[in-house]
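>>> Sequence unavailable; structure follows:
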C-alpha cells in the first residue's frame, strides 16, 4: 500500500500540526549527520543551503561547472505567492484552489495547500536575500497575472526571475561552502543510487572532467535533478537536463508516478529546421499584454500587419471570455494545435500562431512594454531576426515541464527509505498540468521550508548504522556503472547518439505528445522497443571512459530515455481518461476539452520496476477531495 502519510485534522492545520509532531534532531547531533544533495537548482540549492545552515554536513553535486548554472536559471516569467498585494481577491485558499483546478484535480489536496501556505514565506526569504523583484512606483513589490488565475499574484524580475532567485540561492550556498558545511562537487553526474539494508546511503558519480568513477556515502540522499522533458529531444530544457538520476532510483525500487503527465508550453519560438537541438521559451507572462490570433481564412500568408482586424480570429478571447489569453497552458496549447490543424497556422511551416503586442504598445507606450518584457523581446529578435515591437511574435507549443516524477509522501520521501525527492524531480504538487510561475514556488518551498523539517524527522526516528564508501554495496554499484560504460564504448556502431535521440523524440512527440490515442501509443511502444534494440547494437560512442567524453555522457542519458519513454507510453495507455497534459483523443467533451473519469481514475499511478523486459507493477494512490468539489474544468 502507498501511504502518503498525510496528517489528520483540518486542511489549514495539517502542516503546522505535522511540523510539531515530527521528531527533531538537536543542534549538536546535526553535526554528526552527512546528507547528499544531487542538483543545485532552486530545489537542491535551497535544500543544501538550508540543511547546512542548520548544522548538517552536506555534499552537493551538480553536472554544471558551477551551481549557478543549474537549469532553474532559465525560468523567465515569475513566481507565485498569495500575498494579495494588489488587493484583488487573492488568498492562500484561492491559490490552493487555482492550483488544484489547474492540475485538473489530479494532485493531493494536502500538498497543494501546504505549497500555497508556504508561498508567502518564500517571497520574504528571497527579498531578504536581495532578489531584485520588480517594484511599483511607491516601492511595493509588483505583481502580474499568469495563466489559470484571475488575480495578479506573480512576482517577477523582468524576464529573468529564475536567474535572480538562483543567484540568491547560490549566495546562501556560498556562505555555507565558505563555512565548510557544504562540500561542493561540480561536474559530477550521478550514475547510480546505493542502498544498504534497503536504505538510501549514497551514490555513484562520474567525474565528467577526468572520467573517474567516485562513490560517496551519507545518512540520507536528496534528489533535485529536474524533469525529463528532453525525452522529446526538442524541448525548452537545457541540453544536459535528463532523467538518469531519477530513473536509476526507479530501477533501485523508487516508484515513478504519473510519467505520462508532460506539459506542453504554448508560447515557444516555433521549430525552424532539422538542425535545431533545443527550443526557446517565450515567457507565459507575455500573454498578459500580447493577444493570440490567427487569420480567419485558412492559408492566409499575408504579412500580419496587412491583415485587418475584421479578418483576425482572437480565438482564445472568443472561446474563453472569462480568462481570454490567460487560460492554463494545456488549454492554450491544444487550441493553438487545433487552429493549425484547420490550416490557419502562420509562418513557413504553418505550425505557429501570432502573439501580438500592437494594442498594448498603443495603450501603454513602447517604453512601458520594454520595461516589462525588454529582455524577452531582445531574445526573440536575436533568434528570429524580427522586431516584436513592429511585427507580431510567432509562437507554437513545445515540451516544457514534467509533472510526473518519483512518487513521494507528504514528507517528500520516496518509497526508498532515506531517499528524498524535491522540485520537478518529484510528482507531488501540480497534478496533470502545472500553472505558470508555480515551478519556482515548489522548488523553493521544498528546499527552504519542507525538507529541513521532514529529513530531520527521518534521521531522528530511523536507526542508521555506520556506512562508508568501502561498503560492498558501493563496490558493486561502481562495478555495475563501469560495466555499462564499457558496453557503450565497445559497440562502435554506425549511428550517433544524437541520431537515436532525434528519432526517439520524433516518435514521442508524434504519438505521446500534445494529443495521444491508443493506436498511436501502441505503435510508439513497438517503435521505441525496436529503436532501443538497435541502439545497443549500432550506436557509435567515440573516445574513452577515463577522460572528458561528452558523447559518452549523452549516450548514458539517451540509453535511459530509451527505457523511460516506454514507461511513459505504458502509463498513458493505462490512464483511460483525458486530464491536463494527458489528452487521449478518445476522451473529450463535445467542445474538445479534456474529459476526466473521476470514478475510475481519480488516483496517482505509481509504477514499480520489475526487472529487465518485465512489465512494471502498477500501484495506485487514491486522491481524496474533502475540500474541493470535483467539476469539469471551465475557463469560459
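Received the coordinates, thanks. Since the model is a prediction, treat every value here as computed from it, not as a measurement. Numbers count the residues shown, from 1 in each chain.
>>> CA only for contacts and neighbour counts going forward, please
Fine.
>>> so where is the stretch 101-250 of the chain shaky, pLDDT-wise?
When the per-residue scores of the stretch 101-250 of the chain are filtered using pLDDT under 70, no range remains.
>>> how about the helices in it?
According to DSSP state H, counting those that start in this stretch, the stretch 101-250 of the chain carries its helices in the segments 109-129, 161-178, 244-251.
>>> Over to the stretch 351-500 of the chain?
Applying DSSP H, counting those that start in this stretch to the stretch 351-500 of the chain gives helices spanning 358-364, 366-384, 439-444, 451-461, 472-491, 497-512.
>>> who touches whatever helix or strand residue 19 lives in?
Residue 19 belongs to helix 14-21 when elements are defined using DSSP states H and E. By Cα atoms under 8 Å, 6 or more residues apart in numbering, the residues outside helix 14-21 that reach it are 6-8, 110, 114, 453-454.
>>> 7 Å - rerun?
With contact meaning Cα atoms under 7 Å, 6 or more residues apart in numbering, helix 14-21 is reached by 7-8, 114, 453.
>>> How about stretch 65-79?
Among residues not part of stretch 65-79, those counted as contacts by Cα under 7 Å, 6+ apart are 40-42, 64, 154-156, 159-163, 166-167, 170, 186-187, 238, 283-285, 437-438, 440-441.
>>> Kindly recompute the last result at 6 Å.
Contact partners of stretch 65-79, identified using Cα atoms under 6 Å, 6 or more residues apart in numbering, comprise 40-41, 154-156, 159-163, 186-187, 283, 285, 437, 440-441.
>>> can you pull the buried residues of that stretch?
Neighbour-count burial for stretch 65-79, counted by 16 or more other Cα atoms under 10 Å, picks out 67-79.
>>> what about the residue nearest to residue 515 when sequence neighbours are not counted, neighbour count?
Distances taken as Cα to Cα, 6 or more residues apart in numbering put residue 583 closest to residue 515, at 5.1 Å, once the chain neighbours are dropped. The criterion is other Cα atoms under 10 Å. On that basis, residue 583 has 28 neighbouring residues.
>>> do the same with the one 3 residues further on
Burial of residue 586 is recorded as 14 neighbouring residues (other Cα under 10 Å).
>>> go on, residue 301?
Counted with other Cα under 10 Å, the burial measure for residue 301 works out to 15 neighbours.
>>> Count the neighbours of residue 190 for me.
For residue 190, the number of neighbouring residues by other Cα under 10 Å comes to 24.
>>> from now on call the first residue 2
Renumbered: residue one is now 2, and that last one reads residue 191.
>>> hmm, back to that, how far out from the middle of the chain is the helix or strand that comes right after the helix holding residue 20?
Sequence-wise, the next helix or strand beyond helix 15-22 is helix 28-31, with elements assigned using DSSP H and E. Computed by Cα atoms, centre = their mean, to the nearest Å, the separation of helix 28-31 from the middle of its chain amounts to 34 Å.
>>> contact partners of the very next helix or strand once past helix 28-31?
Using DSSP H and E, the helix or strand that follows helix 28-31 towards the C-terminus is strand 35-39. Surrounding strand 35-39, the residues in contact under the criterion Cα under 6 Å, 6+ apart are 58-62, 219-225.
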